[in-house]
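>>> Fold the following and give me the result.
(one chain, ligands or ions: 1)
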Amino acid sequence: MSKRTPLIAGNWKMNKTATEGVELVKEIAAAVGTESSVNVLLCPPFTALSAVSAAVEGTHLGLGAQNMHDKASGAFTGEISASMLRDLYVTHVILGHSERRSLFGENDAFINRKVLAALSASLKPILCVGELLSEREANQTMEVVRRQIEQGLAGVPAAKAESLVIAYEPVWAIGTGKTATPAMAQEVHAFIRKLLAQQFGAESASRILILYGGSMKPDNADALLAEQDIDGGLIGGASLEAKSFVDLVQIAAKSLRD
Ligand code: PGA
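Numbering: from 1, shown residues only. Presented below is the predicted three-dimensional model:
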């Protein structure tokens with residue numbers, strides 16, 4: 001891992017009521033509440049954001065959301081705007097997760113509008129990219145990732161580049177127990193950093209966090225986080241229990257010292 005401060009982000013997906021979320025936060029905070037060498041982010045469902053926001057106050061834990069709409073307000077039944085998230089002290093928002101892309105039909109153009117809207121509202125987007133198994137097997141991984149990065153980040157002003165976080169999540173590894181090998185992940189992370197350098201310059205690109213996501217667990221995190229361009233993790237399944245999530249934070253802290 002590089003000198004970038006690692007980020008371990010928990011994506012709770014459609015799990016945890018507000019009450020359950022607060023319980024989980026208490027357990028996590030008790031174990032890592034003051035660990036400051038790693039940034040830790042919790043991304044609960046919308047309905048738990050308010051309660052979790054109150055529960056993380058005074059701890060080192062940050063708050064993210066899992067999605068938002070690109071418009072500021074209006075007739076968009078069921079949607080949430082950037083300013084609604086900001087009002088709850090949310091700092092980050094996951095955008096373009098593969099579940100949003102595949103189950104809810106989000107395309108690169110829509111995701112790009114959300115990225116721009118998040119940045120204008122001073123929210124940090126966590127832009128998710130990654131190939132399907134069929135695309136990897138057809139040797140299209142780099143092409144797919146290039147399209148998702150270039151289209152997802154179109155029009156992002158260079159001055160805002162360092163507010164971006166990218167998550168490389170090979171779709172075939174999400175929730176499947178299969179992980180990319182550290183070498184496979186590093187190859188794509190290095191490619192993403194090259195694309196970021198082309199768009200924003202090498203200096204800014206060297207400061208942008210690129211997280212790995214896809215069945216990251218305490219038993220494989222060490223090797224993944226040892227790679228040069230892997231700056232942390234976007235964690236689904238293993239973020240739902242305090243023990244595995246806290247272990248991941250501690251592994252990231254240790255990888256900084258190694
Ligand atoms: P997983 O999910 O850790 O359960 O594979 C990661 C994600 O979808 O962000």
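>>> now stretch 123-135: how far from the chain's centre is it?
9 Å (C-alpha atoms, centre = their mean, to the nearest Å).
>>> quick one, helices of the chain?
Counting by DSSP state H, one finds helices in the chain at the ranges 18-32, 46-56, 82-86, 98-103, 108-120, 133-137, 141-152, 182-200, 202-205, 218-225, 242-257.
>>> ok, now which ones touch Arg136?
Residues in contact with Arg136 (C-beta atoms under 8 Å, 6 or more residues apart in numbering) are 170, 172. C-beta coordinates here come from the backbone N, C-alpha and C atoms, glycine included.
>>> Could you tell me the per-residue confidence at it?
Listed pLDDT for Arg136 reads 94.
>>> ok, back up a step: CSV please, covering the helices of the chain and showing distance to Thr176.
Formatted as CSV, those follow (distance: least, C-beta to C-beta, whole Å):
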stretch, distance to Thr176
helix 18-32, 23
helix 46-56, 25
helix 82-86, 29
helix 98-103, 12
helix 108-120, 23
helix 133-137, 9
helix 141-152, 17
helix 182-200, 15
helix 202-205, 30
helix 218-225, 13
helix 242-257, 16
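>>> Figure out which of those is closest to Trp172.
Closest to Trp172 of the helices of the chain is helix 133-137 (C-beta to C-beta; 3.8 Å).
>>> looking at the helices of the chain, which is closest to His69?
Using C-beta to C-beta, the helices of the chain put helix 108-120 closest to His69, at 7.2 Å.
>>> Output the closest one as CSV, nothing but the C-alphas.
What follows is helix 108-120, C-alpha atoms only, in CSV (Å, rounded to 0.1, in the frame of the first residue of the first chain):
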residue,chain,number,x,y,z
ASP,A,108,-22.6,5.7,-17.5
ALA,A,109,-24.3,9.0,-18.6
PHE,A,110,-26.7,9.0,-15.6
ILE,A,111,-23.9,8.0,-13.2
ASN,A,112,-21.8,10.8,-14.6
ARG,A,113,-24.6,13.4,-13.9
LYS,A,114,-24.7,12.0,-10.3
VAL,A,115,-20.9,12.3,-9.9
LEU,A,116,-21.0,16.0,-11.1
ALA,A,117,-24.0,16.7,-8.8
ALA,A,118,-22.3,15.1,-5.8
LEU,A,119,-19.1,17.1,-6.4
SER,A,120,-21.0,20.4,-6.8
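>>> now for it, which elements pack on it?
Where contact means 3 or more C-beta pairs under 8 Å, 6 or more residues apart in numbering; DSSP states H and E, helix 108-120 is packed against helix 82-86, strand 92-95, strand 124-129, helix 141-152.
>>> and Phe110, what is it in contact with?
Phe110 makes contacts with Asp70, as judged by C-beta under 8 Å, 6+ apart.
>>> Give me the nearest residue to whichever residue of the stretch 151-258 of the chain sits closest to the ligand, chain neighbours excluded.
Per C-beta to the nearest ligand atom, Gly236 is where the stretch 151-258 of the chain lies closest to the ligand, at 2.2 Å. Of all residues not flanking Gly236 in the chain, Asn11 sits nearest, at 5.1 Å (C-beta to C-beta, 6 or more residues apart in numbering).
>>> do you know how far the one you found is from the ligand?
4 Å (C-beta to the nearest ligand atom, to the nearest Å).
>>> The ligand contacts on this structure?
11, 169, 174-175, 213-216, 234-238 (C-beta under 6 Å from any ligand atom).
>>> So which of the residues you listed sit within strands?
11, 213, 234-235 (DSSP state E).
>>> Tabulate those residues (a markdown table), appending neighbour count and pLDDT.
Output for those, formatted as a markdown table (neighbours: other C-beta atoms under 10 Å; pLDDT from 0 to 100):
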| residue | neighbour count | pLDDT |
| --- | --- | --- |
| Asn11 | 27 | 98 |
| Gly213 | 27 | 97 |
| Leu234 | 28 | 98 |
| Ile235 | 27 | 98 |
